[in-house]
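**Q** Provided below for reference: sequence and predicted model.
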Amino acid sequence: MPNHSSTNHLIKQIATISAFFVFGFLLFKYREGFNNLRDLSFLQFFSFSSLVILGITLSGSKLNLITNYFNIYLKKSEWFALSSMTMILNSIFFKSGSLATSTYLKKKHNFPYASFVGSFIGDQLIILFISSLIGSISSIFLMHSAKAQLFFSIITFSIITAFLFILLSGKITLPKKESGIWQQLSIVTESFNTLLQNKKLLRALCLHNLLLIITVGLRLFTACSILNQEISITHCFLFVATMAIIRVIPIAHSDVGIREITIGFLSERIGTGLKAGVLITSIDRVLELLLTGLCASVFRKSLVTPKN
């Protein structure tokens with residue numbers, strides 16, 4: 001009898017292969033849409049590049065805020081490089097970038113894995129809360145203005161928003177035990193509670209995440225412009241909210257294809273078409289990886305040179 005871990009691994013493998021197959025089929029079917037990249041204007045490229053760099057900066061600044069609280073002070077080039085690396089790897093393999101960052105912080109700055117995990121979970125929940133709130137607002141607006149059938153989206157986003165609001169408003173406590181695993185869990189919850197109890201840090205992270213979500217929304221809107229798709233900014237914010245939910249669910253070993261397929265069917269549902277959703281998210285991923293990779297290569301030395 002296969003154990004639970006083996007079954008879970010098999011399911012992820014099937015999901016990953018299926019996503020790649022469906023995504024590849026859709027890319028081949030809509031391949032002519034990529035011809036719009038030939039007419040990419042300087043203004044479009046500059047706008048998209050600026051938004052990617054802003055996203056890297058906001059993510060890196062968040063990391064810097066968290067590490068500063070634990071008396072770890074990163075150089076600007078260091079947290080920018082870590083942010084770039086995290087974005088690239090997370091876009092390819094599920095949370096691999098976050099794992100690489102935690103390993104780097106542990107080896108170079110002696111930042112405990114458990115503390116990183118607790119802080120990471122807290123930050124992810126903040127992102128989910130803000131994204132779900134934006135998703136609820138966007139869905140309600142589109143349902144009334146564009147007559148889109150988004151009742152299920154409204155209910156889903158509202159439930160997630162309410163649940164996370166209750167969770168983030170409280171404090172997680174664990175009974176004290178002597179086992180090593182339990183002690184590590186206690187460190188995780190302590191770091192998680194840090195984000196909730198330190199109001200100044202919590203407000204700063206909320207602001208960073210709000211700006212980050214807005215940045216990604218504007219990035220998708222720019223991708224629409226590149227592809228000559230007349231899609232409103234409200235649609236783009238709904239896409240971003242959905243992407244945030246997908247990103248934290250380990251459906252497959254990689255979210256390559258999962259994001260594009262999901263947004264494609266959501267785009268079809270709200271009347272902008274399957275083709276538009278797939279192409280927009282595909283172009284966004286390709287340009288993001290290229291630009292983020294360039295940033296990571298420029299600042300990579302800050303991760304291998306000795307700390308001053």
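**A** Nice, thanks for sending it over.
**Q** okay, CA-based contacts and neighbour counts for the rest of this
**A** Will do.
**Q** Could you double-check that residue 236 lies in contact with residue 217?
**A** Yes. Assessed by CA atoms under 8 Å, residue 236 is found in contact with residue 217 at 5.3 Å.
**Q** So if I had to pick from the two, which one is more boxed in?
**A** Set residue 236 next to residue 217 and count neighbours by other CA atoms under 10 Å: residue 236 wins out with 26 against 22.
**Q** dump the residue contacts of the nearest residue to residue 158 once chain neighbours are set aside.
**A** Counting by CA to CA, 6 or more residues apart in numbering, residue 158 lies nearest to residue 136, which is 6.0 Å off, once chain neighbours are set aside. Contacts for residue 136 were tallied using CA atoms under 8 Å, 6 or more residues apart in numbering; they are 153, 154, 155, 157, 158.
**Q** List the buried residues of the helix or strand where residue 136 lies.
**A** Using DSSP states H and E, residue 136 sits within helix 113-145. Under the neighbour-count criterion of 16 or more other CA atoms under 10 Å, helix 113-145 has 113-123, 125-143 buried.
**Q** do stretch 46-64 as well
**A** For stretch 46-64, by 16+ other CA under 10 Å, it's 48-49, 51-64.
**Q** In helices, which of the residues you listed appear?
**A** Counted as lying in helices by DSSP state H, out of the buried residues of stretch 46-64, are 48-49, 51-64.
**Q** Find the pair from these with maximum spatial separation.
**A** 48 and 64 (24.3 Å; CA to CA).
**Q** Could you measure from residue 17 over to residue 251?
**A** From residue 17 across to residue 251, the span is 11 Å (CA to CA, to the nearest Å).
**Q** just residue 156 next, same as before
**A** 18 Å.
**Q** Those two: which is more packed in?
**A** Per other CA under 10 Å, whichever of residue 156 and residue 251 has more neighbours is residue 251, with 19 against 14.
**Q** ok, back up a step: can you pick out the ones from the contacts of residue 136 that are in helices?
**A** Residues from those lying in helices, with DSSP H as the criterion: 153, 154, 155, 157, 158.
**Q** any idea which of those residues is closest to residue 303?
**A** residue 157 (38.4 Å).
**Q** Just to check, residue 191 is in contact with residue 113?
**A** No. Residue 191 is not in contact with residue 113 according to CA under 8 Å; the separation is 10.7 Å.
**Q** what about this structure, any weak spots by pLDDT?
**A** 1-5, 9, 146, 148, 170-184, 186-187, 252-253, 304-308 (pLDDT under 70).
**Q** list the contacts for residue 122?
**A** Here residue 122 is in contact with 192, 193, 195, 196 (CA under 8 Å, 6+ apart).
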